[in-house]
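*Asks:* whatever this is, show me its structure:
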Amino acid sequence: MKPLHYLPLLVLLASTYAVSGQIKTKDEAIKLATDAIHKFRLTTIKDECGVIDVVEKPSYFEMIVRERHTQNCGGMQETGPRLFNMRIRKHDGRLTSDVYDGTTYQPVDHIPAK
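*Replies:* From the prediction side, this is the model:
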């Protein structure tokens, strides 16, 4: 195989590494989680009716995605039910979630079947 045939693979790998990277702060983790929630349509609630709690662990950020109950969003205001959790690895930004079945963490990289 000629070396030129490897060029598309190298471009693909380079773009993958350019997108991923270290996640150093809770704000970076929240941004990545929010982007994934929108891109992969992980919930149908409006942004203002959701909240993300962050717990920093040694090697990842644990994101707890909850409903926010207000007069505009509905629900009992003293409650904030958990929708799903997400984990973002600090060293490479890999995102997993239990959104698909509520218990098993799986990569967040596809749009679930309806």
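
*Asks:* when you work out contacts or count neighbours from here on, use the C-alpha atoms and nothing else.
*Replies:* OK.

*Asks:* so how many other residues sit close to Y60?
*Replies:* By the criterion of other CA atoms under 10 Å, Y60 has 21 neighbours.

*Asks:* please apply the same query to the one 10 residues further on.
*Replies:* The local packing count at T70 equals 15, with neighbours defined by other CA under 10 Å.

*Asks:* how about the spatially closest residue to it that is not a sequence neighbour, what does it touch?
*Replies:* Excluding the flanking residues, the one nearest T70 by CA to CA, 6 or more residues apart in numbering is Q77, at 5.6 Å. Q77 is in contact with 68-71, counting by CA atoms under 8 Å, 6 or more residues apart in numbering.

*Asks:* quick one: which of the residues you listed has the most company?
*Replies:* R68 (25 neighbours).

*Asks:* that residue against C49, yeah?
*Replies:* Yes. With contacts counted by CA atoms under 8 Å, R68 reaches C49, the gap being 4.8 Å.

*Asks:* assign a three-state SS to the residue most central in space within the chain, would you?
*Replies:* Nearest residue to the geometric centre of the chain (CA atoms, centre = their mean): A33, 3.3 Å. Counting by DSSP: H, G, I helix; E, B strand; the rest coil, the backbone at A33 sits in helix.

*Asks:* need the contacts of Q77 in JSON lines (columns: pLDDT).
*Replies:* Converted to JSON lines, those look like this (pLDDT from 0 to 100):
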{"residue": "R68", "pLDDT": "90"}
{"residue": "H69", "pLDDT": "90"}
{"residue": "T70", "pLDDT": "87"}
{"residue": "Q71", "pLDDT": "87"}
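
*Asks:* with just CA atoms, put stretch 84-94 into PDB.
*Replies:* Extracted in PDB, the C-alpha atoms of stretch 84-94 (Å, rounded to 0.1, in the frame of the first residue of the first chain):
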ATOM      1  CA  PHE A  84     -29.100  10.400  34.600                       C
ATOM      2  CA  ASN A  85     -25.400  10.600  35.500                       C
ATOM      3  CA  MET A  86     -22.400  11.300  33.300                       C
ATOM      4  CA  ARG A  87     -18.700  10.700  33.900                       C
ATOM      5  CA  ILE A  88     -15.900  12.700  32.100                       C
ATOM      6  CA  ARG A  89     -12.400  11.400  32.400                       C
ATOM      7  CA  LYS A  90      -9.900  14.200  33.200                       C
ATOM      8  CA  HIS A  91      -7.000  13.000  31.100                       C
ATOM      9  CA  ASP A  92      -8.800  12.600  27.800                       C
ATOM     10  CA  GLY A  93     -12.400  14.000  28.100                       C
ATOM     11  CA  ARG A  94     -14.000  10.600  27.400                       C
END
